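Q: give me coordinates for this.
(2 chains)
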Amino acid sequence: NAGVTQTPKFRVLKTGQSMTLLCAQDMNHEYMYWYRQDPGMGLRLIHYSVGEGTTAKGEVPDGYNVSRLKKQNFLLGLESAAPSQTSVYFCASMIRVGGNQPQHFGDGTRLSIL
Amino acid sequence: GDSVTQMEGPVTLSEEAFLTINCTYTATGYPSLFWYVQYPGEGLQLLLKATKADDKGSNKGFEATYRKETTSFHLEKGSVQVSDSAVYFCALNSGGSNYKLTFGKGTLLTVNP
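A: All right, here's what the predicted structure looks like:
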């Protein structure tokens, strides 16, 4: 049972380069989320999706784009990477039923922008 | 808006010591409350949850009680182990149509043998 899988696990980019982070879940969850984790800041929501074909902005969406073409996948794109986007990125998913369900997290992608 | 405030770390304890990590919240309505744990190099794992006032969540010797009157959800463990060393996050979900979690900033716990 894989749960939530993120690829890649590590990546180093140069300023201005683009890349896509992939999140895949095998639990048939409706909701998916992208967070970034920075020291002393906790987790901050970048974008989220409440179902296939839908996306919405979170707390810190600037500089990122997302797509949810398939229910099981949620992609996070950086069009022109900046050093301020150096962070650890986490994907999470959640079943649709009720607000008392937990979110399930992947192991993260550690991204450095030089 | 919703917010979660948890005690700042780092917290350093000796093995078998008692642990308390304070968490207070501000939310509209009746949120569900969660504690997540993050071990080094890993993602967040749900540790325990409580969905209504006076509920007690428990798991792996950890406990937390949903106190609506004090808007608190403090994490406790009677006897910590070295393996409990991790970052602990308090979080709430106030419901609505998107079920977003609001996280505290995390508390680093180090347990020494």
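
Q: point out where chain A drops to low pLDDT.
A: Within chain A, the segments meeting pLDDT under 70 span A:1, A:97-99.

Q: for chain B, what are the nearby residues on it?
A: The interface of chain A toward chain B, taken as C-beta under 8 Å from any C-beta of the partner chain, is made up of A:4, A:31, A:33, A:40-43, A:45, A:48, A:50, A:56, A:58, A:90, A:92, A:94, A:99-108. The C-beta positions use only the backbone N, C-alpha and C, and glycine is treated the same way.

Q: filter those to the buried ones?
A: The neighbour-count criterion (16 or more other C-beta atoms under 10 Å in any protein chain shown) marks A:4, A:31, A:33, A:42-43, A:45, A:48, A:50, A:58, A:90, A:92, A:94, A:99-108 among the residues of chain A next to chain B as buried.

Q: A:Ala92 contacts A:Tyr35, correct?
A: Yes. A:Ala92 lies in contact with A:Tyr35 (C-beta atoms under 8 Å); the separation is 6.8 Å.

Q: contacts for the helix or strand hosting A:His47, please.
A: A:His47 is part of strand A:42-49 when elements are defined by DSSP states H and E. With contact meaning C-beta atoms under 8 Å, 6 or more residues apart in numbering or on different chains, strand A:42-49 is reached by A:31-38, A:55-61, A:64-66, A:68, A:74, A:76, A:89-90, B:44, B:89, B:98, B:100-101, B:103-106.

Q: which parts of stretch A:24-40 are buried?
A: When neighbours are counted by 16+ other C-beta under 10 Å, the buried residues of stretch A:24-40 are found to be A:Ala24, A:Gln25, A:His29, A:Glu30, A:Tyr31, A:Met32, A:Tyr33, A:Trp34, A:Tyr35, A:Arg36, A:Gln37.

Q: among these, name the ones in strands.
A: Secondary structure defined by DSSP state E assigns A:Ala24, A:Gln25, A:Tyr31, A:Met32, A:Tyr33, A:Trp34, A:Tyr35, A:Arg36, A:Gln37 of those to strands.

Q: going by residue numbers, what spans are strands in the chain?
A: Chain wasn't specified; assuming chain A. Counting by DSSP E, chain A forms strands over residues A:4-7, A:10-13, A:19-25, A:31-38, A:42-49, A:56-57, A:64-67, A:73-78, A:87-94, A:104-105, A:109-113, given from the N-terminal end onward.

Q: let me rephrase: I mean chain B.
A: Secondary structure of chain B (DSSP E): strands located at B:3-6, B:11-14, B:19-21, B:23-26, B:32-38, B:44-50, B:56-59, B:62-65, B:75-77, B:86-93, B:102-103, B:107-112.

Q: contacting residues around the first one?
A: Outside strand B:3-6, the residues within contact range by C-beta under 8 Å, 6+ apart are B:21-27, B:88-92, B:102-107.

Q: the helix or strand bottoming out on mean pLDDT in chain B packs against which elements?
A: Using mean pLDDT, DSSP states H and E, strand B:102-103 stands out as the lowest-scoring helix or strand of chain B, at a mean of 90. With contacts defined as 3 or more C-beta pairs under 8 Å, 6 or more residues apart in numbering or on different chains; DSSP states H and E, the secondary structure elements packing on strand B:102-103 are strand B:3-6, strand B:86-93.

Q: average pLDDT across the shortest one?
A: Across strand B:3-6, pLDDT averages out at 94.
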